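Participant: pasting the sequence and the predicted model now:
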Amino acid sequence: MRDYRNTPLRKFQRRAFGLTGLIWLLLPWGLPKSALAQSRQPQTHEKDEITGILDALEPSSSSSNHASGQLSGYISGTVLDKAGDVAVGAQLQLAPRDKFSMQQQLSGENGQFFYADVPPGPFQLTIKAQGFETQQFFGILRPGETYLVPGIRLAIANVRTEVQVQTRLAPVEVAEDQIKQQEKQRVLWVIPNFYVSYEPNAVPLNVRQKFGLAWKTTADPFTFVGVVAVAAVEQATNAFPGYGQGWDGYAKRLGSSYANVVTGTFIGSAVLPSLLKQDPRYFYKGTGSTRWRLLYALASPLICKGDNMRWQPNYSNIGGAFASGGISYLYYPNSNRDGAVLVFQNSAIRLGEMAFEGVLQEFLIRRLTPHLRRRRQ
């Protein structure tokens with residue numbers, strides 16, 4: 001029998017199979033590691049490819065916005081100061097059409113700012129910086145647009161400084177202010193009412209102020225009008241008949257009446273109050289029962305406040321009334337000079353007039369005196 005194991009064909013087959021086995025043995029050592037890894041994980045590679053394909057096919061928000069015409073845009077610009085230099089650290093606030101999505105940032109080193117993913121539509125940009133006025137810019141961003149805001153120049157803010165200086169005025173200055181208010185007091189806008197204080201704790205007057213108030217009263221035109229009226233009544237009733245009638249008698253009555261006003265005012269409201277340190281003014285009470293206020297007004301010619309702001313007997317007023325009556329004794333007609341009777345008579349009349357005036361001050365005159373400063377308790 002013929003042996004086929006050593007035939008040429010059989011020898012070729014044995015060599016081919018041997019070479020193929022050698023190649024399969026050497027193949028894992030000659031391939032790159034990446035290729036080997038890929039060859040060992042074919043399922044993972046295929047999964048990644050499938051995921052990428054699905055992601056590419058899934059509609060994104062940008063493509064959706066683009067399809068609906070609402071593609072987001074960008075807003076940028078530069079903040080400058082008044083001199084044209086860049087403003088670093090300026091506060092910027094972007095408010096798109098929906099006010100709930102405000103974006104804030106600070107300007108960069110070159111004064112620049114940049115907003116991304118801004119929804120299209122109207123927007124408001126507010127810029128604030130210390131020492132500068134707040135600026136606002138309004139614009140409309142179109143879909144997909146890069147909006148360049150014109151250079152924003154900050155104007156220097158107007159600095160308003162309020163300095164409140166509280167100074168304590170000297171008593172003489174406070175009293176001067178109160179006197180100026182008193183000199184505006186006129187009953188029915190006409191009749192002077194200078195010797196009444198509606199300030200319960202008014203500052204005492206000094207000597208100059210006491211004499212100034214006396215001069216202001218006697219020199220007032222309406223004081224002279226009152227004297228003219230009193231002289232006319234005396235002329236009609238033939239008071240002090242020693243003066244006679246006619247223009248000569250009226251002139252004497254007019255002179256004596258005005259002399260009584262001048263002497264009574266200066267002596268009782270300036271000279272003696274300065275010497276005795278007493279306040280010549282009537283202090284309006286305005287509170288309490290009617291009976292108490294009436295007694296207070298009737299007693300006003302006999303009581304007063306001292307410069308120490310304490311109540312005391314009104315020596316100045318009483319002494320002024322008698323001094324004025326004594327001086328009037330010198331220019332009244334001889335036929336009407338009854339010695340001490342005339343002095344006491346004129347003094348009593350003067351004190352009675354003051355008491356009646358106090359009642360009017362307490363219950364009536366204040367209502368007839370306009371433009372009074374609000375009374376402080």
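Facilitator: Perfect, I can see it now. All values derive from a computational prediction rather than experimental measurement.
Participant: which stretches of the stretch 201-350 of the chain aren't confidently modelled?
Facilitator: 336-340, 342 (pLDDT under 70).
Participant: and the strands in it?
Facilitator: Counting by DSSP state E, counting those that start in this stretch, the stretch 201-350 of the chain has strands at residues 282-283, 303-305, 311-313.
Participant: for the stretch 51-200 of the chain, same thing?
Facilitator: 73-80, 91-95, 103-106, 112-118, 121-128, 135-141, 146-148, 152-153, 186-187, 191-192, 196-197.
Participant: tell me which of those approaches Val230 most closely.
Facilitator: Proximity to Val230 (CB to CB) singles out strand 191-192 among the strands of the stretch 51-200 of the chain, at 13.8 Å. Yep, even glycine has a C-beta here, placed from its N, CA and C like the rest.
Participant: which strands and helices sit next to that closest one?
Facilitator: Where contact means 3 or more CB pairs under 8 Å, 6 or more residues apart in numbering; DSSP states H and E, strand 191-192 is packed against helix 221-237.
Participant: now for the helix it packs on, which elements pack on it?
Facilitator: strand 191-192, helix 246-266.
Participant: for that helix, output the C-alpha coordinates as CSV.
Facilitator: In CSV, the C-alpha atoms belonging to helix 221-237 read as follows (Å, rounded to 0.1, in the frame of the first residue of the first chain):
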residue,chain,number,x,y,z
PRO,A,221,-49.3,155.6,65.3
PHE,A,222,-52.4,153.9,66.7
THR,A,223,-51.3,154.8,70.3
PHE,A,224,-51.7,158.4,69.2
VAL,A,225,-55.0,157.7,67.6
GLY,A,226,-56.2,156.3,71.0
VAL,A,227,-55.0,159.4,72.7
VAL,A,228,-56.9,161.6,70.2
ALA,A,229,-60.1,159.6,71.0
VAL,A,230,-59.6,159.9,74.8
ALA,A,231,-59.1,163.7,74.5
ALA,A,232,-62.3,163.9,72.4
VAL,A,233,-64.3,162.1,75.0
GLU,A,234,-62.9,164.4,77.7
GLN,A,235,-63.7,167.4,75.6
ALA,A,236,-67.3,166.2,75.1
THR,A,237,-67.8,165.4,78.8
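Participant: ok, and what's touching that helix?
Facilitator: Contacts of helix 221-237 with the rest of the structure, by CB atoms under 8 Å, 6 or more residues apart in numbering, involve 190-192, 217, 239-240, 245, 249-250, 253-254, 257-258, 261.
Participant: at 7 Å instead, please
Facilitator: In this structure, residues lying in contact with helix 221-237 by CB atoms under 7 Å, 6 or more residues apart in numbering are 190-192, 217, 240, 249-250, 253-254, 257-258, 261.
Participant: just the buried residues of these.
Facilitator: The neighbour-count test (16 or more other CB atoms under 10 Å) marks 191-192, 217, 240, 249-250, 253-254, 257-258, 261 as buried among the contacts of helix 221-237.
Participant: would you reformat those as TSV and include distance to Leu205?
Facilitator: Formatted as TSV, the buried ones among the contacts of helix 221-237 follow (distance: CB to CB, whole Å):
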residue	distance to Leu205
Ile191	22
Pro192	17
Thr217	13
Phe240	35
Gly249	39
Tyr250	36
Arg253	33
Leu254	31
Ser257	27
Tyr258	24
Val261	20
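Participant: quick check: the farthest pair among the residues you listed?
Facilitator: Within these, Pro192 and Gly249 form the most distant pair, 28.0 Å apart (CB to CB).
Participant: of all the strands of the stretch 51-200 of the chain, which one is nearest Phe322?
Facilitator: Nearest to Phe322 among those is strand 196-197 (23.4 Å), distances taken as CB to CB.
Participant: Ile303 contacts Trp311, doesn't it?
Facilitator: Yes. Between Ile303 and Trp311 there is a contact at 5.9 Å, judged by CB atoms under 7 Å.
Participant: got the domain ranges for the protein?
Facilitator: Per automatic domain parsing, the structural domains of the chain span 70-153, 177-368.
Participant: start to end distance for the last one?
Facilitator: This points to domain 177-368. Across domain 177-368, the straight-line distance between its terminal residues is 22 Å, by CA to CA, to the nearest Å.
Participant: tell me the contacts of the nearest residue to Phe123 once chain neighbours are set aside?
Facilitator: Distances taken as CB to CB, 6 or more residues apart in numbering place Pro96 nearest to Phe123, at 4.9 Å, with adjacent residues excluded. Counting by CB under 7 Å, 6+ apart, Pro96 makes contact with 118-119, 121, 123.
Participant: among those residues, which ones are buried?
Facilitator: Among the contacts of Pro96, those scoring as buried are 118-119, 123 (criterion: 16+ other CB under 10 Å).
Participant: against Tyr332, how distant is the residue nearest to Thr263 when sequence neighbours are not counted?
Facilitator: If the residues on either side of it in the chain are set aside, Thr263 comes closest to Ser324, at 4.4 Å by CB to CB, 6+ apart. Relative to Tyr332, Ser324 is positioned 12 Å away (CB to CB, to the nearest Å).
Participant: more neighbours: these two, which one.
Facilitator: Ser324 (23 against 17; other CB atoms under 10 Å).
Participant: is it true that the more buried one touches Val262?
Facilitator: No. With contact defined as CB under 7 Å, Ser324 does not count as touching Val262 (8.9 Å).
Participant: closest to Leu275 out of the contacts of Pro96?
Facilitator: Checking those against Leu275 with CB to CB, the nearest one is Phe123 at 83.4 Å.
Participant: helices of the stretch 251-377 of the chain, start to end?
Facilitator: 272-276, 290-298, 315-331, 340-363 (DSSP state H, counting those that start in this stretch).
Participant: and the contacts of the shortest one?
Facilitator: Under the criterion CB under 7 Å, 6+ apart, residues 207, 210, 279-280, 315-316, 319-320 lie in contact with helix 272-276.
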